[in-house]
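> structure here, sequence nowhere to be found:
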């Protein structure tokens with residue numbers, strides 16, 4: 001009796017990228033769990049609204065991770081070998097796009113708010129937010145359109161007709177991340193005043209801003225490149241698109257949990273951690289010895305240096321939750 005040759009399907013370019021993207025997203029979700037616990041342990045005095053915002057981000061990313069896992073469970077586990085299940089539209093992988101857009105909206109509004117807080121010139125304080133607002137809103141609107149139309153399809157190959165919407169959403173995300181990073185670094189660079197402690201703090205803030213915006217922009221750009229250069233039936237863009245939600249959450253939690261370190265890097269004293277005490281120059285003058293009938297002022301503190309430090313503390317304190 002002749003043996004029947006098995007049917008072998010090569011899913012390396014179909015569900016292979018989905019599996020890799022899910023693994024990266026789960027790794028970022030694990031990092032977010034650690035950062036969330038660290039935040040609630042070390043920042044107990046934060047306003048309730050900020051804490052609720054952190055909980056909401058964690059909940060959205062957790063729901064996004066569950067959708068990603070359930071999306072590959074059906075074709076690779078419960079319905080393995082079922083051709084219809086493999087070729088059909090997986091609702092979970094369509095829904096995740098909407099959650100991704102909501103989290104990106106929350107994260108980018110947070111970054112634009114930082115520019116508004118630190119901005120002193122109208123072009124930064126009002127111009128940049130006005131420029132980026134349509135792009136941020138479009139990401140949510142475009143994702144809702146993609147989800148609504150994608151759920152109406154029966155076969156996964158039909159989703160390729162919505163590729164222009166997905167490309168537009170990810171292009172907008174990359175543009176917003178790049179502009180906010182450049183604007184924030186420019187503001188911090190222009191805020192330098194020559195004081196070593198203040199310039200050191202601003203330097204750490206610039207590094208933090210680069211790490212915040214560069215990674216999300218890089219993932220969004222790679223997603224667009226893969227979507228434009230690969231065949232429609234291959235979803236290689238899932239490798240970098242699926243982890244974006246968790247990556248946005250991780251960058252926000254990284255900013256919130258790094259505030260104490262940025263205010264006091266390497267154990268040094270920065271301008272934002274200085275506590276100014278009132279100084280009585282009358283008592284200091286009275287206690288100094290006289291030399292040839294004149295008071296020796298060499299040990300007296302200079303009020304000019306103290307005022308300069310106080311001047312730098314106030315704007316930094318104003319950006320407490322914008323770091």
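Arrived safely, thanks for sending. Just so you know, these numbers come straight off a predicted model, no measurement behind them.
> just give me the neighbour total for residue 148.
Residue 148 has 11 neighbours, counted by other CB atoms under 10 Å. For the C-beta atoms, the positions are set from N, CA and C on the backbone; glycine is no exception.
> which residues sit against the helix or strand harbouring it?
Using DSSP states H and E, the element containing residue 148 is helix 128-150. With contact meaning CB atoms under 8 Å, 6 or more residues apart in numbering, helix 128-150 is reached by 89, 94-95, 97-98, 100-102, 104-105, 108-109, 112, 115-116, 119, 159, 162, 165-166, 168-169, 172-173, 175-176, 179-180, 183.
> using PyMOL, define a selection of the buried residues within those residues.
In PyMOL, the members of the contacts of helix 128-150 classed as buried (16 or more other CB atoms under 10 Å) are selected with the following command:
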select buried, resi 89+94+95+97+98+100+101+102+104+105+108+112+115+119+159+162+165+166+168+169+172+173+175+176+179+180+183
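> of the contacts of helix 128-150, which belong to helices?
94-95, 97-98, 100-102, 104-105, 108-109, 112, 115-116, 165-166, 168-169, 172-173, 175-176, 179-180, 183 (DSSP state H).
> list the buried residues in the helix or strand that residue 252 is a member of.
Assigning secondary structure by DSSP H and E places residue 252 in helix 244-257. With burial defined by 16+ other CB under 10 Å, the residues of helix 244-257 counted as buried are 244-257.
> before we move on, what about stretch 20-30?
Quick answer for stretch 20-30 (16+ other CB under 10 Å): 20-22, 24-25, 28-29.
> can you pull the contacts of the residue nearest to residue 36 when sequence neighbours are not counted?
Nearest residue to residue 36, sequence neighbours excluded (CB to CB, 6 or more residues apart in numbering): residue 58, at 5.2 Å. Residues near residue 58 by CB under 8 Å, 6+ apart: 32-33, 36, 249.
> one more: residue 109?
residue 136.
> make it 6 Å
Under the criterion of CB atoms under 6 Å, 6 or more residues apart in numbering, residue 109 has no neighbours.
> and it, how close does it get to residue 142?
17 Å (CB to CB, to the nearest Å).
> tell me where the protein has strands.
290-291, 294-295 (DSSP state E).
> what angle do the top helix by length along the chain and helix 244-257 make?
Taking DSSP H as the criterion, the chain has its longest helix at helix 196-229. Angle, helix 196-229 to helix 244-257, by axes from the mean of the first three to the mean of the last three CA atoms, to 10 degrees: 180 degrees.
> name the nearest of the buried residues of stretch 20-30 relative to residue 127.
Closest to residue 127 out of the buried residues of stretch 20-30 is residue 28 (32.4 Å), distances taken as CB to CB.
> what sits against the residue nearest to the closest one when sequence neighbours are not counted?
Residue nearest to residue 28 in three dimensions, not counting chain neighbours: residue 246, with 3.4 Å by CB to CB, 6+ apart. For residue 246, the contact set (CB under 6 Å, 6+ apart) comprises 25, 28-29, 61.
> try it again with 10 Å
Taking CB atoms under 10 Å, 6 or more residues apart in numbering, we find residue 246 in contact with 24-32, 60-62, 64-65, 68, 100, 103.
> same thing with residue 229?
Neighbours of residue 229 in contact, by CB under 10 Å, 6+ apart: 236-237.
> count of neighbours near residue 151?
Residue 151 has 11 nearby residues by other CB under 10 Å.
> now do residue 237
When counting by other CB under 10 Å, one arrives at 23 neighbours for residue 237.
> I figured it was touching residue 224, is that so?
Yes - taking CB atoms under 10 Å as the definition, residue 237 is a contact partner of residue 224 at 7.9 Å.
> what's the overlap in contacts for these two?
In contact with both residue 237 and residue 224: 166-167, 170, using CB under 10 Å, 6+ apart.
> mind putting the residues you listed in TSV, pLDDT included?
Converted to TSV, the shared contacts of residue 237 and residue 224 look like this (pLDDT from 0 to 100):
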residue	pLDDT
166	88
167	89
170	90
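> out of the residues you listed, who's nearest residue 43?
Closest to residue 43, out of all of the shared contacts of residue 237 and residue 224 and judged by CB to CB, is residue 170, at 32.2 Å.
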